[in-house]
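Student: after the sequence you'll find the predicted model.
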Amino acid sequence: MWEDERNKLGGRWLITLNRQQRHNDLDRYWMETLLCLVGESFDEASDDVCGAVVNVRPKGDKLAIWTSNCQNREAIMTIGQLYKERLSLPVKALIGYQSHDDTSSKSGSTTKNMYSV
């Protein structure tokens, strides 16, 4: 939860999938996400990782890796770059990082990305 002491200053790398990607990509992306966490695939930045979430919804699915401190730019960017590589996402595909504070106080349906890779 956002309010947890370990998470409240953090954020998440978020990947949004459309409904068609559920059949082709969701299971593989989720497995790779879990393997990244278990294998501490983010080098020294692994200490900043709090967990991962998958949300399966009618309009589209979301995968996220949660981190503990959104101000630790070096660790956040390392995690995002390695995560994108691990999922074999195209170079032109952008994934965004959002702070929990911004997400919890948003007024519309989207949150501005703090970082992108």
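Tutor: Cool, the structure landed.
Student: residues contacting stretch 55-72, please?
Tutor: Residues outside stretch 55-72 that contact it (CB atoms under 8 Å, 6 or more residues apart in numbering): 6-7, 9-19, 21-22, 26, 29-30, 33, 36-37, 48-54, 75-76, 79, 83, 97, 99-101, 114. In short, each C-beta sits where N, CA and C put it, glycine included.
Student: quick one: what helix or strand has the residue positioned nearest the centre of the chain in it?
Tutor: By CA atoms, centre = their mean, the chain has its centre lying nearest to residue 13, at 2.3 Å. Using DSSP states H and E, residue 13 falls within strand 11-17.
Student: now that strand: average pLDDT?
Tutor: On average, the pLDDT along strand 11-17 is 95.
Student: helices or strands next to it in the packing?
Tutor: Packing contacts for strand 11-17, counted by 3 or more CB pairs under 8 Å, 6 or more residues apart in numbering; DSSP states H and E, involve strand 61-67, helix 73-86, strand 96-99, helix 100-104.
Student: before we move on, what SS does residue 5 have?
Tutor: coil (DSSP: H, G, I helix; E, B strand; the rest coil).
Student: any idea how many residues pack against it?
Tutor: Burial of residue 5 is recorded as 7 neighbouring residues (other CB atoms under 10 Å).
Student: who touches it in this structure?
Tutor: Residue 5 touches nothing, counting by CB under 8 Å, 6+ apart.
Student: for it, give me the pLDDT.
Tutor: 73.
Student: distance of it from residue 68?
Tutor: Per CB to CB, to the nearest Å, residue 5 is found 9 Å from residue 68.
Student: what is the least confident helix or strand in this structure?
Tutor: Every helix and strand of the chain was ranked by mean pLDDT, DSSP states H and E. The lowest is helix 100-104, at a mean of 76.
Student: pLDDT below threshold where in the protein?
Tutor: 1-3, 104-110 (pLDDT under 70).
Student: one more time with 50, if that's ok
Tutor: Regions of the chain meeting the criterion pLDDT under 50 are absent.
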